[in-house]
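Trainee: sequence? don't have it. structure:
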Ligand code: SAH
């Protein structure tokens, strides 16, 4: 729901501003439409239903993986594709992975999103509506900004959305924003955020030359400056920064490379998430043994590390696999 539009319409209709809060509370708690908002007068509900779309996103297709993961493809009102993924865990946790942009302008070699056309930044409302879509059928307790796009290239809208997530039942402690290390946005996040939102950094190679090869953005924002900002976030919020490291066979997965990584991450501010590579056509994933041997080196250096559980691979819903095919557009001629 576009709250800016809602505020404007409610003011134009001469309604008191507390109506905005009422409508938003219903929406954030998972109401299915204006009809459910029983404390809002019927004529106002009818007027809003015609003028303020209940969601800024139109669900287009939904796919279900064998492990219960659900991927939904949405369209913005101007036709841009957006994907979001709901992950369900045995312990009852429900986590939604959301997109901050349609596509992504960065070109990390292992990630499928970078290969689709970049559309635009999503608005705060388009970001929140991905969560609310799933919230309408079940409680959601975790949100990760790990879908399409680089959140800190769209920092205003991402922070505005993140700050409203508690209204939808997702606390700041259960919110994670993942970045390649896009410095301008990261600096704003670190300086502005006092809420205990988790930060995750996509690192993938400790050696600068290799990191630049995998993630061209590394030439622009060197890793040591990025890591210094991450440490500041840890000092201010006491929340460890998660380091994401996708395991590519013969590329970044040797024990020597693990030691190099451990050398960068000393001091207790970081926890490493080793991510099995999800096929996108470019690389081979590291073997289980290679991942285990890599982890042994981190353990030895007392850098905490876990191996990420892969979800939704069979429907291309896993990390790095989100890439909507362009839709054939019909042109209307005058
Ligand atoms: N642009 C942000 C947000 C996306 S997060 C970022 O990169 O952090 C998506 C995560 O999935 C990132 O850590 C990314 O590096 C990782 N990833 C990308 N492609 C992958 C692949 N093929 N297999 C496993 N992880 C991948």
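Mentor: Looks like it came in fine. As the structure is a computational prediction, the values presented were derived from the model and not from experiment. Numbers count the residues shown, from 1 in each chain.
Trainee: What pLDDT is listed against the nearest residue to residue 101 once chain neighbours are set aside?
Mentor: Spatial nearest neighbour of residue 101, excluding adjacent residues (C-beta to C-beta, 6 or more residues apart in numbering): residue 149 at 2.8 Å. For every residue, glycine as well, the C-beta is placed using N, CA and C. For residue 149, the model assigns a pLDDT of 98.
Trainee: from memory residue 149 sits against residue 99, does it?
Mentor: Yes: look at residue 149 against residue 99 with C-beta atoms under 8 Å: they come within range, at 5.4 Å.
Trainee: Report the set of residues contacting both of the two.
Mentor: Counting by C-beta atoms under 8 Å, 6 or more residues apart in numbering, the residues touching both residue 149 and residue 99 are residue 122.
Trainee: State the distance from residue 51 to residue 13.
Mentor: 9 Å (C-beta to C-beta, to the nearest Å).
Trainee: one step back: residue contacts, the residue nearest to residue 101?
Mentor: By C-beta under 8 Å, 6+ apart, the contact set of residue 149 is 99-104, 113, 121-122.
Trainee: And the furthest pair within the residues you listed?
Mentor: Using C-beta to C-beta, these span at most 14.1 Å, a distance reached by 113 and 121.
Trainee: need the strands for the stretch 151-300 of the chain, in chain order.
Mentor: Assigned by DSSP state E, counting those that start in this stretch, the strands in the stretch 151-300 of the chain fall at 175-179, 198-202, 241-247, 270-276.
Trainee: ok, and does the last one reach over to the ligand?
Mentor: What it means is strand 270-276. Yes: if you take C-beta under 6 Å from any ligand atom as the test, strand 270-276 does meet the ligand, through residue 275.
Trainee: Check the third one too.
Mentor: Yes: part of strand 241-247 sits near the ligand under the criterion C-beta under 6 Å from any ligand atom, namely 244, 246.
Trainee: elements contacting that strand?
Mentor: For strand 241-247, the contact count by 3 or more C-beta pairs under 8 Å, 6 or more residues apart in numbering; DSSP states H and E identifies strand 175-179, strand 198-202, helix 223-237, strand 270-276, helix 288-300 as packing neighbours.
Trainee: now these as CSV including mean neighbour count?
Mentor: As requested, these are exported to CSV (neighbours: other C-beta atoms under 10 Å):
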stretch, mean neighbour count
strand 175-179, 23
strand 198-202, 22
helix 223-237, 17
strand 270-276, 20
helix 288-300, 16
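Trainee: now the ones you listed as JSON lines including distance to residue 75?
Mentor: JSON lines is the format used below for the helices and strands packed on strand 241-247 (distance: least, C-beta to C-beta, whole Å):
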{"stretch": "strand 175-179", "distance to residue 75": "24"}
{"stretch": "strand 198-202", "distance to residue 75": "27"}
{"stretch": "helix 223-237", "distance to residue 75": "34"}
{"stretch": "strand 270-276", "distance to residue 75": "29"}
{"stretch": "helix 288-300", "distance to residue 75": "37"}
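Trainee: for the ligand, what are the nearby residues on the stretch 151-300 of the chain?
Mentor: Counting by C-beta under 6 Å from any ligand atom, the residues of the stretch 151-300 of the chain close to the ligand are 178-180, 202, 244, 246, 275, 277-278, 280.
Trainee: ok, now the stretch 1-150 of the chain?
Mentor: So far as C-beta under 6 Å from any ligand atom goes, the stretch 1-150 of the chain lies against the ligand at 110-111, 146, 150.
Trainee: low pLDDT regions in the stretch 201-334 of the chain?
Mentor: Filtered on pLDDT under 70, the stretch 201-334 of the chain yields the residue ranges 326-334.
Trainee: if we go to 90?
Mentor: 281-282, 309-310, 324-334 (pLDDT under 90).
Trainee: In it, which residue sits closest to the ligand?
Mentor: residue 320 (1.9 Å; C-beta to the nearest ligand atom).
Trainee: okay, now the domains of the protein?
Mentor: 1-54, 56-315 (automatic domain parsing).
Trainee: Tell me which of those domains is the most buried.
Mentor: Mean neighbour count, computed with mean count of other C-beta atoms under 10 Å, is highest for domain 56-315 among the domains of the chain, reaching a mean of 19.
Trainee: So residue 7 is in contact with residue 17, correct?
Mentor: Yes: using C-beta under 8 Å, residue 7 is in contact with residue 17, at 7.4 Å.
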